[in-house]
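Visitor: from the sequence below, what's the structure:
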Amino acid sequence: MTRVEFSVVIPTYNRPGQLRTCLVALAEQTFPSGGFEVIVVDDGGSVQLDSIVHPFRDQLKVHLLRQVNAGPATARNRGAASASGIYVAFTDDDCLPDVHWLESFDRKFTEVPRCLLGGSTVNTRTDNHFAEASQHLIAYLYHYYGSDGSRTAFFASNNMAMPLDVFHEIGGFDTSFPFAAGEDREFCDRWHAEGQPSAYVRDAVVYHEHDLDFSGFVRQHFTYGRGAYHFHQARRRREGGSFTVEPPSFYTGLVGYPLNVGRKGRAWLQSGLLVLSQIANASGFFWERFRAARSRHGG
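Guide: Numbers count the residues shown, from 1 in each chain. A predicted model of the protein is given here:
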């Protein structure tokens, strides 16, 4: 019997079409099919997923779990609690892991077995200005925090892997995060605070298929701002001290990032959208701060 090395956890909520495409990609992995399992966690969606998941049981060791809607952090922890692999890998239902995804992680784990690994994410909606701007933001964060491994502090939860036992030792994802924003940042921050190493695996690629329009883009970054508030609160509870923000060079570097790497003719548009993203982010942060203060005072 082939030993299960990887447990791949996918939280999902009412996106059956995207989930099916994600499972197709996992079924095409070059890593031996018997060497990994897939755990789909339905986060209280209204769409029944049995007809989506069950057809893959001839190709994958796939399990479907259900929970009352509680957010992706809780869903990931639920999947990890049922995992039997040596390593746990996370992706999202709107992502297509490259055929060599698990193989690339496995190769790196042979070098650094007790490490948090993060892969690269490729936006497939290259003609969608808003999706491209969001991708620039993630790429900049990886660049800023040192994707060479020297001081990596952040990997997105749609493409990360780590030893399952260490994941449990540090407490998994913080379930006080009610939405998909900030919980991966907090997890990475806590991972490094525990003295655990991390490394970037460029060849571990997932393709992100997420269409965005103007309102969706603003809403996404507003939500990221709300998540940022919860991140700073969690860090203060753990470490104490006062709230700090990134230096001005972080924001100037972010706005200028598309001008360095983007396509000519679109770079200025992308820079403008990143300015908008930070306005939405700040608005979400202070909105969540206001809500928390009102709640503490019984408002």
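Visitor: could you pull up phi and psi at the closest residue in space to residue 10 that isn't next to it in sequence?
Guide: Ranked by C-beta to C-beta, 6 or more residues apart in numbering and with sequence neighbours excluded, the top spatial neighbour of residue 10 is residue 40, at 5.1 Å. C-betas here are computed from N, CA, C, even on glycine. Phi and psi for residue 40, reported as degrees, to the nearest 10, are phi -90, psi 130.
Visitor: for burial, what's the neighbour tally of residue 40?
Guide: 24 (other C-beta atoms under 10 Å).
Visitor: roughly how far apart are it and residue 187?
Guide: 20 Å (C-beta to C-beta, to the nearest Å).
Visitor: with residue 84 instead?
Guide: 21 Å.
Visitor: got it, and residue 214?
Guide: Taken as C-beta to C-beta, the span from residue 214 to residue 187 is 30 Å.
Visitor: ranges for the strands of the stretch 1-150 of the chain?
Guide: Per DSSP state E, counting those that start in this stretch, the stretch 1-150 of the chain carries strands over the ranges 6-12, 36-43, 61-67, 87-90, 95-97, 116-123.
Visitor: about what we covered before: residue 214 and residue 187: who's more crowded?
Guide: Neighbour totals were compared for residue 214 and residue 187, and residue 187 leads with 28 against 11 (other C-beta under 10 Å).
Visitor: element containing the more buried one?
Guide: helix 183-193 (DSSP states H and E).
Visitor: for this structure, longest strand please?
Guide: In the chain, with assignment by DSSP state E, the single longest strand is strand 198-208.
Visitor: in terms of secondary structure, what does that strand contact?
Guide: Counting contacts by 3 or more C-beta pairs under 8 Å, 6 or more residues apart in numbering; DSSP states H and E, strand 198-208 is packed against strand 95-97, helix 101-109, strand 116-123, helix 129-144, helix 183-193.
Visitor: adding distance to residue 20, write the ones you listed out as JSON lines.
Guide: Below are the helices and strands packed on strand 198-208 laid out as JSON lines (distance: least, C-beta to C-beta, whole Å):
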{"stretch": "strand 95-97", "distance to residue 20": "11"}
{"stretch": "helix 101-109", "distance to residue 20": "17"}
{"stretch": "strand 116-123", "distance to residue 20": "20"}
{"stretch": "helix 129-144", "distance to residue 20": "20"}
{"stretch": "helix 183-193", "distance to residue 20": "24"}
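Visitor: quick one: closest of these to residue 267.
Guide: Proximity to residue 267, assessed across these by C-beta to C-beta, is greatest for helix 129-144 (9.5 Å).
Visitor: what about the chain, any weak spots by pLDDT?
Guide: Within the chain, the segments meeting pLDDT under 70 span 1-2, 146-152, 241-243, 262-265, 297-299.
Visitor: kindly recompute the last result at 80.
Guide: Applying pLDDT under 80 to the chain flags the ranges 1-3, 145-153, 177-181, 238-246, 262-265, 292, 294-299.
Visitor: which residue would you name as the spatial centre of it?
Guide: The chain has residue 157 as the residue nearest its centroid, 2.0 Å off, counting by C-alpha atoms, centre = their mean.
Visitor: show me the contacts for that one.
Guide: Neighbouring residues of residue 157 by C-beta atoms under 8 Å, 6 or more residues apart in numbering: 72, 76, 90, 92, 173, 183, 184, 187.
Visitor: that one - that's part of a strand, no?
Guide: No - looking at residue 157 with DSSP: H, G, I helix; E, B strand; the rest coil, it is coil, so not inside a strand.
Visitor: just give the number of residues close to residue 275.
Guide: Other residues close to residue 275 by other C-beta under 10 Å number 13.
Visitor: check which helix or strand covers the closest residue to it other than its chain neighbours.
Guide: Spatial nearest neighbour of residue 275, excluding adjacent residues (C-beta to C-beta, 6+ apart): residue 255 at 5.9 Å. Using DSSP H and E, residue 255 sits in helix 248-261.
Visitor: residues making contact with that helix?
Guide: Against helix 248-261 from outside (C-beta under 8 Å, 6+ apart): 133, 136-137, 139-140, 143-144, 266-268, 270-271, 274-275, 278.
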